[in-house]
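S.K.: Can you look at this prediction? I've put the sequence above it.
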Amino acid sequence: MRLKSLISRALLRVIVDFTSVFRFAFFREIWTLLVLFNALFFGCATVTLLGAGLILQPPPLYTGYSANVPEFLLGSGWLIMVLGIFVFNLVVSSFIYVTLPGLLLFPLSAIFLVYRGFLWGLLLYVLPVSVFLLALPTIVLEGEAYVFATVGGTLLGASWTRLLREYKGEGLSRVDALKMALKECLRIYVFVVIFLIAAAIAETIVVLLSI
């Protein structure tokens with residue numbers, strides 16, 4: 001009975017921790033970074049897209065939206081394609097390319113985010129208008145996931161350098177501050193996962209329609 005009670009309490013704590021990320025108080029803690037990084041990412045992509053229209057006319061030859069997906073996924077079923085796109089975007093595009101650099105030096109997450117926005121602007125430039133509109137949900141969902149991943153990386157890097165007031169004021173050591181930031185990053189990654197799942201489904205639909 002005691003073991004059962006301990007398991008029940010552990011599950012309840014996990015559920016409470018999970019649902020806490022959807023409370024307004026959580027967004028109030030990070031809203032400034034969310035607004036800033038959304039402006040940087042989508043602003044950079046938009047400026048690059050418009051600038052490419054002025055400099056690179058006419059657009060390069062469009063080779064199909066499926067060219068953006070690894071070839072081995074194209075021959076698989078739709079479920080494998082969704083899973084493959086999601087895992088790649090979560091592990092490589094979000095964690096390795098965006099969050100991890102911020103852990104080493106917190107401005108790097110924002111720098112890599114802006115660079116990705118620049119690349120996206122070039123990528124979107126070659127899309128026909130019809131395909132661009134079809135891919136717009138994927139662009140927004142995936143881009144928002146990278147914004148949240150950037151917030152996570154920035155908090156991680158700022159924690160061990162103790163630049164944020166919340167880490168300074170509590171008199172935490174660098175290790176304890178990093179542990180605190182890791183918990184926050186895991187909560188943030190709940191949204192990264194949600195956005196990337198939705199983006200992977202949307203992208204799979206676009207790919208299947210464009211083959």
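M.R.: Alright, I've got the coordinates. Note that this is a predicted model, so its numbers are computed, not measured.
S.K.: what about Leu34, how many residues close to it?
M.R.: For Leu34, the neighbour count with other C-beta atoms under 10 Å is 17. Every residue, glycine included, has its C-beta placed from N, CA and C.
S.K.: An error on my part: the question was meant for Arg174.
M.R.: Neighbours of Arg174 (other C-beta under 10 Å): 12.
S.K.: now do Leu123
M.R.: Leu123 has 16 nearby residues by other C-beta under 10 Å.
S.K.: Quick check: which element contains it?
M.R.: Element membership for Leu123 (DSSP states H and E) is helix 107-125.
S.K.: looking only at pLDDT, what's the mean for that helix?
M.R.: Averaged over helix 107-125, pLDDT sits at 93.
S.K.: now for it, which elements pack on it?
M.R.: helix 24-55, helix 100-104, helix 129-160 (3 or more C-beta pairs under 8 Å, 6 or more residues apart in numbering; DSSP states H and E).
S.K.: how about that helix: buried residues?
M.R.: For helix 107-125, burial by neighbour count (16 or more other C-beta atoms under 10 Å) applies to 108-110, 112-114, 116-118, 120-121, 123-125.
S.K.: follow-up on the earlier one: identify, out of the helices and strands packed on helix 107-125, the most deeply packed stretch.
M.R.: Among the helices and strands packed on helix 107-125, ranked by average contacts under mean count of other C-beta atoms under 10 Å, first place goes to helix 129-160 (a mean of 22).
S.K.: same for it, what does it pack against?
M.R.: helix 24-55, helix 100-104, helix 107-125, helix 174-210.
S.K.: Let me have those in JSON lines, adding distance to Ser93 as columns.
M.R.: Below are the helices and strands packed on helix 129-160 laid out as JSON lines (distance: least, C-beta to C-beta, whole Å):
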{"stretch": "helix 24-55", "distance to Ser93": "13"}
{"stretch": "helix 100-104", "distance to Ser93": "11"}
{"stretch": "helix 107-125", "distance to Ser93": "8"}
{"stretch": "helix 174-210", "distance to Ser93": "9"}
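S.K.: mean pLDDT lowest for which of the helices and strands packed on helix 107-125?
M.R.: Mean pLDDT is lowest for helix 24-55 out of those, coming in at a mean of 87.
S.K.: contacting residues around Tyr125?
M.R.: Tyr125 makes contact with 48-49, 52-53, 56, 59 under the criterion C-beta atoms under 8 Å, 6 or more residues apart in numbering.
S.K.: Of all the helices and strands packed on helix 129-160, which one comes closest to Phe88?
M.R.: Set against Phe88 and scored by C-beta to C-beta, the helices and strands packed on helix 129-160 come closest in helix 174-210, at 9.0 Å.
S.K.: Which one of the helices and strands packed on helix 107-125 lies nearest to Val192?
M.R.: Of the helices and strands packed on helix 107-125, nearest to Val192 by C-beta to C-beta is helix 129-160, at 4.9 Å.
S.K.: Measure how the closest one sits relative to helix 107-125, angle-wise.
M.R.: Inter-element angle recorded for helix 129-160 and helix 107-125: 180 degrees (by axes from the mean of the first three to the mean of the last three C-alpha atoms, to 10 degrees).
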